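Student: the sequence and its predicted three-dimensional model are supplied below.
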Amino acid sequence: MQNFEGRVAVITGAASGIGKALAERAAKLGMKLALADFDSDGLTNTGHQLAETGSEVFTATLDVTDSQAMEQFAADTLARFGAAHLLFNNAGVGGGGKLWEVTQREWQWVIGINLNGVFNGIRAFTPALLAAGEGHIVNTASVAGLMSAPGTSSYTVSKHAVVAMSEVLAGDLRGEDADIGVSVLCPSFVNTSIFRSSRYADQLEHSKEQRAEEAAIEEMVGEFFKTAMGPERVAELVFEAIRDGQFYILPHPEGTREQVSKRLQDILDNRSPSVSGPEEFPQA
Ligand code: NAD
């Protein structure tokens, strides 16, 4: 897709981080915005900020795991703007730990948002993109979807599935009589609030002790995230990729290629996975 002006961008997880930066970039390009997030205060802020700069914005507070809410969001977007062209299935949460130690609740929560949320977005909005005859779908995975680091459990599993879902979707759309591109975004560390898992302590029913532990980890990790790539740069790369019809978006190309070739070489040489942990996530 080459022309963005006057077209409609749909973005989940738009209250914060990469989703918010995508919304800002789409607004700068003259797009109309349909924004969704679970965090209603953050979403209202994003919506107000963009409306003040003259953009047409529609916001919906919803949980991407709720398929009916996503279908309602699609219906409301069409009622408001008459079409949808760009779809960013971006909402996501972190997760980690050893697989056998992850609670059922945390597993379902991460897979529900990071994987089922993307599926719900595809199901709800692809018919509108097909009807428009042009468009592009960007699913936010992660470099974690291209390598399998120990200790990253549900997060890595969900992101591998998002990469696979995007690859399948690109093939499914190839046979359709419409110009709909697909990309999968696979960044390494980006300076957002992703590490602030304490936001979700109520949803996960964490104990007082778990909350204290989370706060201590966040304090430490927060300093590191400040040094990571800015979400605005990621948004810039995403729109360049949409323009160029590029499928894999790798904001940290050097280290990502290194990890992908290592994984493929392990497979081809019939070796056990050689990645040692999240410390191998690319820095560049
Ligand atoms: P973020 O926490 O700043 O933003 C995520 C947004 O998703 C938040 O506004 C949050 O409220 C929303 N969200 C969470 N659960 C939701 C739900 N159930 N329904 C609707 N909205 C929900 O983090 P971010 O880094 O901007 O994350 C965006 C995407 O980027 C995620 O899919 C994440 O996995 C991916 N990603 C992030 C990084 C990184 O280092 N920041 C790296 C690779 C991939």
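Tutor: In hand now; what should we look at?
Student: which helix or strand contains the residue of the stretch 51-200 of the chain found nearest the ligand?
Tutor: Nearest to the ligand, among the residues of the stretch 51-200 of the chain, is Gly92, at 2.1 Å (CB to the nearest ligand atom). Yep, even glycine has a C-beta here, placed from its N, CA and C like the rest. For Gly92, there is no host helix or strand (DSSP states H and E).
Student: show me the contacts for the residue lying closest to Tyr155 once chain neighbours are set aside.
Tutor: Spatial nearest neighbour of Tyr155, excluding adjacent residues (CB to CB, 6 or more residues apart in numbering): Gly95 at 4.1 Å. Contacts of Gly95 were listed using CB atoms under 8 Å, 6 or more residues apart in numbering, and they are Val102, Glu106, Trp109, Val110, Asn114, Thr152, Ser153, Ser154, Tyr155, Ser158.
Student: wait, a helix at the fifth one?
Tutor: Yes: looking at Asn114 with DSSP: H, G, I helix; E, B strand; the rest coil, it is inside a helix.
Student: partners of whichever strand or helix holds Leu33, with directions?
Tutor: Using DSSP H and E, the element containing Leu33 is strand 32-37. Applying DSSP bridges, strand 32-37 is found paired with strand 8-12 (parallel), strand 57-61 (parallel).
Student: give me the residues contacting it.
Tutor: Taking CB under 8 Å, 6+ apart as the rule, strand 32-37 contacts 6-16, 19, 23, 26-27, 43, 46-47, 50, 55-62, 64, 73, 76-77, 80-81, 84, 91.
Student: equivalent analysis for stretch 204-214, please.
Tutor: By CB under 8 Å, 6+ apart, stretch 204-214 touches Arg105, Glu106, Trp109, Ser197, Ser198, Ala201.
Student: can you select the buried ones from those in ChimeraX?
Tutor: Buried members of the contacts of stretch 204-214, defined by 16 or more other CB atoms under 10 Å, are picked up in ChimeraX with:
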select :106,109,197,198
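Student: for the stretch 101-250 of the chain, which segments count as strands?
Tutor: 134-140, 179-185, 248-249 (DSSP state E, counting those that start in this stretch).
Student: just put those in TSV and tack on mean pLDDT and distance to Ala241.
Tutor: Below are the strands of the stretch 101-250 of the chain laid out as TSV (pLDDT from 0 to 100; distance: least, CB to CB, whole Å):
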stretch	mean pLDDT	distance to Ala241
strand 134-140	98	8
strand 179-185	98	5
strand 248-249	98	5
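Student: so which of those strands is the most packed in?
Tutor: Mean neighbour count (mean count of other CB atoms under 10 Å) peaks for strand 134-140 among these, with a mean of 25.
Student: so what strands line up beside it?
Tutor: strand 86-89 (parallel), strand 179-185 (parallel).
Student: how about Tyr200, nearest residue that isn't a chain neighbour?
Tutor: Leaving aside its sequence neighbours, Tyr200 sits nearest to Val93 (CB to CB, 6+ apart; 6.5 Å).
Student: and the contacts of stretch 204-214, which two are the farthest apart?
Tutor: The distance between the two most remote of the contacts of stretch 204-214 (CB to CB) is 16.0 Å, for Arg105 and Ser198.
Student: where along the protein do the helices fall?
Tutor: Secondary structure of the chain (DSSP state H): helices at 17-28, 40-52, 67-81, 104-111, 117-132, 153-174, 208-225, 231-244, 253-268.
Student: reformat the strands of the stretch 101-250 of the chain as a markdown table; add distance to Arg233.
Tutor: Converted to a markdown table, those look like this (distance: least, CB to CB, whole Å):
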| stretch | distance to Arg233 |
| --- | --- |
| strand 134-140 | 15 |
| strand 179-185 | 12 |
| strand 248-249 | 12 |
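Student: can I get the ones you listed in JSON lines with distance to the ligand?
Tutor: Shown next, in JSON lines, are those (distance: least, CB to the nearest ligand atom, whole Å):
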{"stretch": "strand 134-140", "distance to the ligand": "4"}
{"stretch": "strand 179-185", "distance to the ligand": "7"}
{"stretch": "strand 248-249", "distance to the ligand": "11"}
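Student: coming back round to it: what's the PyMOL syntax to select whichever of the contacts of strand 32-37 are buried?
Tutor: Provided next is the PyMOL selection string for whichever of the contacts of strand 32-37 are buried by 16+ other CB under 10 Å:
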select buried, resi 7+8+9+10+11+12+13+14+15+16+19+23+26+27+43+46+47+50+55+56+57+58+59+60+61+62+64+73+77+81+84+91
